[in-house]
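Sharing a model that was predicted from the sequence below.
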There are 2 protein chains.
Amino acid sequence: MVEPNNENLDLIFHALADATRREMIRLVSEKEKTVSEMAEPFDMSLAAASKHIKVLEKANLIQRTVEGRTHTCRINAETLALASKWLSVYEKFWSKRFDVLESEILKAKKKEH
Amino acid sequence: MVEPNNENLDLIFHALADATRREMIRLVSEKEKTVSEMAEPFDMSLAAASKHIKVLEKANLIQRTVEGRTHTCRINAETLALASKWLSVYEKFWSKRFDVLESEILKAKKKEH
DNA sequence: TCGATATTCAACCATTCGGTTGACTATCTT
DNA sequence: AAGATAGTCAACCGAATGGTTGAATATCGA
């Protein structure tokens, strides 16, 4: 796996910080798609969608192959894994909280009887 | 867990898209910290750091309690869990890749003997 | 009460963002 | 060769971002 440096993570999280782009990731995760297909569901110009796609591409979240005049996009999930890896460092905090919550629930249930 | 809507995710990922703020999260995850303590490691004005803290707070990534003149920040890891949850939908894509990689390695090792 | 400390606020600035439109390039089809 | 199709590029626009500085607010300690 490529080690995630700060510059990478800036690009990745920035790309993810927009609902249109997150939805584009969902779309392209279903099946590889052309630029037009990626743009179609959104109420914006093709040029605007094309910019979003470029942001995703620069962040390495999708990859593009050009064949003739059509550009095909496919997901590059390894990059999502980098974001996930950064977050996973803090996983202990929320799982810890869940443990506390669970034990609280158990205690409450015992009291019922 | 609070359901992550698009607005939440916009704020969360935007907050994470800055190296200063990611480092602030790391700092505050070690131990709760005052605003000054959060700002100290960075080469910027207190006001700038204060703005970053506000971004983290609005995204609900940290929480603040005010006691007298000191504001204490603590991590709110549940919100990181929301980001992680969004990413986890795509986990199958990268773990699939790892599986392929693993089986390739196994095949290669078998060939050696 | 006075000065130090902790923090925010407001105004400003340059840059980036997310969108538009119109022109352009390249490829496919006929 | 001519027109349709796929997509980008460039210029523009208003709003948001990330920083600054100086003033304001509120609390603490002597």
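The structure has been received and is ready for your questions.

Tell me if I'm right that residue A:38 and residue A:23 touch.
No - in terms of CB atoms under 8 Å, residue A:38 does not count as a neighbour of residue A:23; the distance is 9.6 Å. C-beta coordinates here come from the backbone N, C-alpha and C atoms, glycine included.

And these two? Which one has more around it.
More crowded of residue A:38 and residue A:23, by other CB atoms under 10 Å in any protein chain shown: residue A:38, with 26 against 15.

what about the host helix or strand of that one and DNA strand C, touching?
In this structure, residue A:38 sits in helix A:35-39 according to DSSP states H and E. No - figure legend: helix A:35-39 not in contact with DNA strand C (CB under 7 Å from any atom of the strand); closest approach 9.6 Å.

counting contacts, what elements does that helix pack onto?
Judged by 3 or more CB pairs under 8 Å, 6 or more residues apart in numbering or on different chains; DSSP states H and E, helix A:35-39 is in contact with helix A:19-30, helix A:46-58, strand A:70-75.

Contacts for the first one, please.
If I follow you right, that is helix A:19-30. A:15-16, A:33, A:37-38, A:41-42, A:44, A:49, A:52-53, A:55-56, A:61-62, A:73-75, A:77, A:80, B:6, B:9-10, B:86, B:89-90, B:93 (CB atoms under 8 Å, 6 or more residues apart in numbering or on different chains).

quick one, it and strand A:70-75 angle?
Helix A:19-30 and strand A:70-75 are oriented at 90 degrees to each other (axes from the mean of the first three to the mean of the last three CA atoms, to 10 degrees).

so, in contact with DNA strand C or not, helix A:19-30?
Yes - Helix A:19-30 is in contact with DNA strand C by CB under 7 Å from any atom of the strand, via residue A:20.

buried residues in that helix?
A:20, A:21, A:22, A:24, A:25, A:27, A:28, A:29 (16 or more other CB atoms under 10 Å in any protein chain shown).

Tell me the one among those residues nearest to residue A:67.
Using CB to CB, residue A:28 is the member of the buried residues of helix A:19-30 that sits closest to residue A:67, with 16.3 Å.

so how far is DNA strand C from that closest one?
Computed as CB to the nearest atom of the strand, to the nearest Å, the residue A:28 to DNA strand C distance reads 16 Å.
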